[in-house]
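In: fold the following and give me the result.
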Amino acid sequence: MAYAAAISLKSTIERLIISPRVSIVPQSFLQTIGYLCIRQIPLLQVILRKLDEHSHAVNMKRVNALDGQIRDALHEFEDVLDSHASAQFLSQEEDDQNQHPLIFSLDLHELEYVTGPFMYMLNHMMEEYLHELKNPSPEEENDDRVWPSRIDFGEPADGPSEMVGLSDLFGIIKTQIKKECSVHVPERMISTLKGMAGIGKTALAKKLLKDPFILSDFKKRVFVTIGPQYKLERILSDILRQVKTTRDVDDDKMLRLMGEEEKIAALKGMIIKGLEDCRYFVVLDDLWHMKLWYRELAELFIWRGDGSHVMLTTRIQNVASIADWGCDYHMRFMDKKESWDLLRMKVFGEQESLPYELEKAGKKIAEICEGLPLTIVTVADILSKAEKTTEYWTNIADDKRHSVFLDAYDKMSKVLYPSYDYLPQHLKPCFLYMGIFPQNNENPLVQLTDLWLAEEFIVSGSSTYKSLEHIASGSLVMSTCTLHPAFWHMCNKEASKSKFYHALNTCVDVLTDRIKLQRRLCIQNNVLFGIKVVYDSLTSISKVRSLLCTGPYHQYPVPLLCLENFRLLKILHALTIRFYEFPIDLLMKLVRLTYLAFTYDENLPASISKLWNLEVLIINRHLSIVESSKNSSYMPMEIWDMKELKDIRITGSNLPHPREGSVLQSLRTLLGVGPQSCTKDVFERIPNLLNLGIQIELAPDATREPFRFFDHISHLHKLKTLQCVIVNPIPKTDIPTHLPIFPSNLVDLTLSGLGYPWEETSMISSLPNLTKLKLQCYAFRGPKWRVHKNEFRQLEMLMIEDTDLVNWTVEDYQCLDKLEWLGIQHCYKLDEIPHAFGEELQTIKIVDCNPLALAGAKQLKKDLDGKYNCRRRPLELTIDSTWDI
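Out: Take a look at the predicted model:
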């Protein structure tokens, strides 16, 4: 993956030339790599992203081969540069007379002889890549760029009366089409079927075309598959062939004599004429590009008010938005019963009864398919050709990584792979990175954000949601952060093939030569560190930049001696491994380390400051015991010497009082500290802090003392996110009378356990930039909360959780008028939800609340949908309640 390799090399060079602790000689080489970093690599990234514009017409096989060549060249040069730099840094660190140098002298004379040829070769590769985009090589004859669906929901060729699964959606769509025909709508209707590859969009559309009602009421019926790569002439010819069943010989002769533009115009004219004076039903299957619809295809289907219908099937969200209001249908996953019914039909046909144990195993196998019809059909195809014994099926059901599933995922790859292959270049590494977490896990969003940032795939935490939304819009995930097993398998396989990362689940995974070429190692089973064959294999690897330990939490010590050989390591993510001792001897050799995250209960040693490149330091606690304020734990004083630190998250450990002149200018995030860290002196030494998280544990006889930190918050002029949590709220605590004045830049505020009266919300309601507010665990207390006129005018997200609130009123529509998301959880006394919300409200989530509040939420949805029905989508109301209503 050349784009990710370019990011990595650019980052490596930037850190060397920008660091105040590195002096590079000769000066001429500094200028050369500076040009490479500032001009040549950004130009390469621009050229690589041009693929996004040309992907529908290029030879992807050839483009991917060129991408691999560029990636390998970038990796090779980065390895040479990194190895020279790391060796000199270590040598100077280990010098007995200079234990901790302030300035490292980096002599890179030897690299002048390889840098020039590398830059020349890179220029040549960029020219070749750009030429291929503009002048695509012809496709190989056997390279079929259409990926047909293999799903038929179990029906025979002539079509059954009932579908196996998704018959509810079929019925809804058919009813809507009948309604259109009966009322003679004045416009042509457009509907869309949107969903993941292999979910059954094509099969459902074909089923509609074969329905007796469609056959009788629509004179012309057309089905054309388009795909991510297309030729407009072929699409038009395919449509015309079904519109005009008898072809005029003269028309064919005329078309052959025409130029390309003339031919396109003529084909469009013939289609329009062929659809005149008749009701038509057209399915454009697997449409990927909105521009193709709006620029070329929409004009073919003239509005005549006769109930004609165009259906588009797509994996892409913005294509689905083409649909008319209320006609964008989202394909859901099959439930457990539907999954088993389809699997059984495909394996056993109409056989009525099965042995109980076989059926039990079969239902579990179907469940492992996670509701994706293509997986079910493919697994069924394999099972139908194998022995149908209870023992064999039970073995499959008990192992999600059984060869039956892995073989099925491999067979499915031709259908699934385009969803990845045609992602925008900058999103491909983000998507593959989602596969580092174990199968069937919901990827922790915070960790995913941290790692994307550390790898520099995104530039800020807010970019995470945009990237995830874009990935989700291509139907690549089941929910916000969960991959379907078939896509997870594809991620891990493609990542290893492209030298992006190699995942280790079992000992077998280390027995491959490919592992030595990987930039990242992902350990999805932490026990592997204790197995000798794994350890021996890992010690032979020297080019790893990221070690990602994402397996289930492991509280017992495991040896990480392999770190000694990872001299080029920049990212060590091991939050699921508990360290009993701080591995300082190992870490001191990792002089390029920029990101360190693991679990450790003791105090950090002063020698942590030798990791002078470190930007992110995350230490979780195995035991979440917070000491009293008199015996608070502090980070070492040397933390103030680590000038590159951008992010510190150490639960229950405080920043010490700073030395004279100590400033952490780069620090942007400080989480998990107590009020002892929140002094005026500390805040003045971290002037660029954007995110602050404070945890307070109150003593039984708590006084106002822990709250005095509020007096200093105003010194953080750039603060955007603030979390203030009392971990053990005490109802009778003598809290300060008033909330403080918060920084005006605050965007995201979380308060928990403070116990202020609701009237004090007036201190935050006028914050000009506040868009997210989370009030948890009696953050405010009392039975009544009245939101007054012009309060919370910018708020977009509000969460209220665990409070004694009974009566909540909103004065008028000139407050909370931009609210988009409202969540109310565990508010057992709340008897009413205000109705004075505006058009912007899109989602309400209710969890375990008073039945009166639930009824109020349902009425609010009904009122808002009725009021704004023609201007927006229906409000999404989610209720998760154990109340019997």
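In: the residue lying closest to residue 552 once chain neighbours are set aside: which element?
Out: The shortest distance from residue 552 to any non-neighbouring residue, by CB to CB, 6 or more residues apart in numbering, is to residue 576 (6.5 Å). C-beta here means a position set from N, CA and C on the backbone, and glycine is covered the same way. In this structure, residue 576 is located in strand 571-579 according to DSSP states H and E.
In: which residues does that strand contact?
Out: Residues from elsewhere that reach strand 571-579, judged by CB atoms under 8 Å, 6 or more residues apart in numbering: 447, 450-451, 454-455, 520, 526, 529, 545-558, 560, 563, 590, 593-600, 618, 620, 622.
In: Throw together a ChimeraX command that grabs the buried residues out of the residues you listed.
Out: For the buried members of those, the matching ChimeraX selection, counting by 16 or more other CB atoms under 10 Å, is:
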select :447,450,451,454,455,520,526,529,545,546,547,548,549,550,551,554,558,560,563,590,593,594,595,596,597,598,599,600,618,620
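In: identify those among the contacts of strand 571-579 that sit within helices.
Out: When DSSP state H defines the helices, the subset of those inside them is 447, 450, 451, 454, 455.
In: nearest to residue 110, of the residues you listed?
Out: Minimum distance to residue 110 across those is 28.4 Å, recorded for residue 455 (CB to CB).
In: residue 642 touches residue 613, doesn't it?
Out: No - Residue 642 lies out of contact with residue 613 (CB atoms under 8 Å); the separation is 9.3 Å.
In: when those two are compared, which one has more neighbours?
Out: For residue 642 versus residue 613, neighbours defined as other CB atoms under 10 Å are more numerous around residue 642 (22 against 18).
In: ramachandran coordinates for residue 195?
Out: phi 170, psi 180 (degrees, to the nearest 10).
In: can you tell me the closest non-neighbouring residue to it?
Out: Nearest in space to residue 195, with sequence neighbours left out and distances taken as CB to CB, 6+ apart, is residue 331 at 3.0 Å.
In: got the end-to-end distance for stretch 517-534?
Out: 16 Å (CA to CA, to the nearest Å).
In: list of residues touching that stretch?
Out: If you take CB under 8 Å, 6+ apart as the criterion, stretch 517-534 is touched by 5, 8, 75, 436-438, 496, 499-507, 510-511, 515, 535, 538, 541, 543-552, 554, 558-560, 562, 571, 576-577.
In: ok, residue 690 - contacts?
Out: Residues near residue 690 by CB under 8 Å, 6+ apart: 668, 669, 718, 719, 720, 721.
In: please repeat the previous calculation with a cut-off of 6 Å.
Out: Contacts for residue 690 (CB atoms under 6 Å, 6 or more residues apart in numbering) come out as 668, 718, 720.
In: for stretch 536-547, give the mean pLDDT please.
Out: The average pLDDT within stretch 536-547 is 86.
In: quick one: that stretch to chain centroid distance?
Out: 27 Å (CA atoms, centre = their mean, to the nearest Å).
In: between the two ends of it, how far is it?
Out: One end of stretch 536-547 sits 16 Å from the other (CA to CA).
In: tell me how far the residue lying closest to residue 666 once chain neighbours are set aside lies from residue 606.
Out: Counting by CB to CB, 6+ apart, residue 666 lies nearest to residue 646, which is 5.1 Å off, once chain neighbours are set aside. From residue 646 across to residue 606, the span is 21 Å (CB to CB, to the nearest Å).
In: got it, and residue 514?
Out: Look at residue 514 and residue 606: by CB to CB, they are 41 Å apart.
In: need phi/psi at residue 614.
Out: phi -60, psi 130.
In: for it, which residues are in contact?
Out: 593, 642.
In: quick check: the gap between it and residue 105.
Out: For residue 614 relative to residue 105 (CB to CB), the value is 21 Å.
In: likewise residue 783?
Out: From residue 783 across to residue 105, the span is 69 Å (CB to CB).
In: same thing with residue 171?
Out: Distance from residue 171 to residue 105, by CB to CB: 75 Å.
In: need the pLDDT of the residue most central in space within the chain.
Out: Residue closest to the average C-alpha location in the chain (CA atoms, centre = their mean): residue 468, at 3.4 Å. Each residue has a pLDDT score; the one for residue 468 is 77.
In: element containing it, please.
Out: In this structure, residue 468 sits in helix 462-473 according to DSSP H and E.
In: and the contacts of that helix?
Out: Residues from elsewhere that reach helix 462-473 (CB under 6 Å, 6+ apart): 317, 427, 430, 431, 449, 458.
In: quick one: the strands in the stretch 251-400 of the chain?
Out: Ranges of strands in the stretch 251-400 of the chain, per DSSP state E, counting those that start in this stretch, are 280-285, 309-314, 328-330.
In: what of the stretch 401-550 of the chain?
Out: For the stretch 401-550 of the chain, the strands defined by DSSP E, counting those that start in this stretch cover 502-504, 520-523, 546-549.
In: for those strands, could you give me CSV that also reports distance to residue 189?
Out: Supplementary listing: these in CSV, determined by distance: least, CB to CB, whole Å:
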stretch, distance to residue 189
strand 502-504, 46
strand 520-523, 48
strand 546-549, 49
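In: check which residues of stretch 876-885 are buried.
Out: Buried residues in stretch 876-885 (16+ other CB under 10 Å): 877, 879.
In: got the phi/psi numbers for residue 848?
Out: Dihedral pair for residue 848: phi 50, psi 70, per degrees, to the nearest 10.
In: hmm, who's touching stretch 315-331?
Out: In contact with stretch 315-331 (CB under 6 Å, 6+ apart) are residues 189-195, 197, 199, 201, 287-288, 290, 293, 314, 419, 473-475.
In: hang on, the earlier thing: quick check, nearest of the ones in helices among the contacts of strand 571-579 to residue 54?
Out: Distance to residue 54, by CB to CB, is smallest for residue 455 among the ones in helices among the contacts of strand 571-579, at 26.3 Å.
In: name the SS class of residue 8, please.
Out: Using DSSP: H, G, I helix; E, B strand; the rest coil, the structure places residue 8 in helix.
In: just to revisit the earlier point, residue 646 and residue 606: which has the busier surroundings?
Out: Set residue 646 next to residue 606 and count neighbours by other CB under 10 Å: residue 646 wins out with 19 against 14.
In: from what I see, the more buried one and residue 664 are in contact.
Out: No - using CB atoms under 6 Å, residue 646 is not in contact with residue 664; the gap is 9.0 Å.
In: among the contacts of stretch 517-534, the buried ones, what's the PyMOL command?
Out: Provided next is the PyMOL selection string for whichever of the contacts of stretch 517-534 are buried by 16+ other CB under 10 Å:
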select buried, resi 5+8+75+436+437+438+496+499+500+501+502+503+504+505+510+515+535+538+541+543+544+545+546+547+548+549+550+551+554+558+560+562+571+576+577
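In: how near is the residue nearest to residue 666 to residue 595?
Out: Using CB to CB, residue 646 is found at 10 Å from residue 595.
In: same question, residue 75
Out: Distance, residue 75 to residue 595, using CB to CB: 20 Å.
In: secondary structure element for residue 879?
Out: Residue-wise, residue 879 maps onto strand 876-880 under DSSP H and E.
In: which residues in the stretch 51-200 of the chain form strands?
Out: Listed in chain order, the strands found in the stretch 51-200 of the chain under DSSP E, counting those that start in this stretch are 104-107, 189-194.
In: tell me which residues in the lengthiest helix in the chain are buried?
Out: The longest helix of the chain (DSSP H) is helix 60-93. In terms of neighbour count (16+ other CB under 10 Å), helix 60-93 has its buried residues at 60, 62-63, 66-68, 70-71, 73-75, 77-82, 84-86, 88-90, 92-93.
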